[in-house]
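Asks: predicted model and sequence below, questions to follow.
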Amino acid sequence: MSDATLWWIATGVAVAVELATGTFYLLMLAIGLAAAAVAAHLGAGFSMQLVAAAVIGGGAVTALHLLRAKRPAAPPAGANRDVNIDIGERVTVTQWNPDGTTRVQYRGASWAARYAGTDAPAPGEHVIRAIDGSQLLLGR
């Protein structure tokens, strides 16, 4: 078998393992392996093929790592609107208990709620900031 064929097989194995594990970094390494296969097709020696795999694969992994590091971290599931569609919805509070809890009507049911703000809770319209188990965390 030629060097290019071996590189393409290694690329296919890396992609298959990535699909099975979901490790996106492995896909970046597969790009490096594909670059080595292209270098082999172009007639580069084995050492140049290794350099192509290392530079392209390592560069892709580094670029992905730096890109992910710049992104802000996702909020926890209880406060993430992508996970809980109730986050950001409004409810009306008629009265608060001294401990900062209350019961509110939301989506046709009575929910336990707790004030999550820093100021004193007051009756009125509030926004669901997060959900902690079966309790709504409300803020202004």
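Replies: Structure's in. What do you need?
Asks: what are the structural domain limits within this structure?
Replies: The chain breaks down into these domains under automatic domain parsing: 3-70, 78-139.
Asks: any weak-confidence spans in the protein?
Replies: For the chain, no stretch has pLDDT under 70.
Asks: would you reformat the domains of the chain as TSV and include mean neighbour count?
Replies: For every residue, glycine as well, the C-beta is placed using N, CA and C. Converted to TSV, these look like this (neighbours: other C-beta atoms under 10 Å):
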stretch	mean neighbour count
domain 3-70	16
domain 78-139	14
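Asks: spell out the secondary structure type for residue 138.
Replies: When classified by DSSP: H, G, I helix; E, B strand; the rest coil, residue 138 comes out as strand.
Asks: what sits against it?
Replies: By C-beta atoms under 8 Å, 6 or more residues apart in numbering, the contact set of residue 138 is 91, 93, 104, 113-117, 121, 126-129.
Asks: could you find the closest non-adjacent residue to it?
Replies: residue 126 (4.0 Å; C-beta to C-beta, 6 or more residues apart in numbering).
Asks: and residue 102, what does it touch?
Replies: Listed by C-beta under 8 Å, 6+ apart, the contact set of residue 102 reads 93-96, 112-115, 121.
Asks: from these, which land in strands?
Replies: Among the contacts of residue 102, DSSP state E puts 93, 112-115 in strands.
Asks: which one of the residues you listed is nearest residue 139?
Replies: Using C-beta to C-beta, residue 115 comes nearest to residue 139 of the ones in strands among the contacts of residue 102, at 7.4 Å.
Asks: does residue 29 really touch residue 57, like I thought?
Replies: Yes: with contacts counted by C-beta atoms under 8 Å, residue 29 reaches residue 57, the gap being 4.6 Å.
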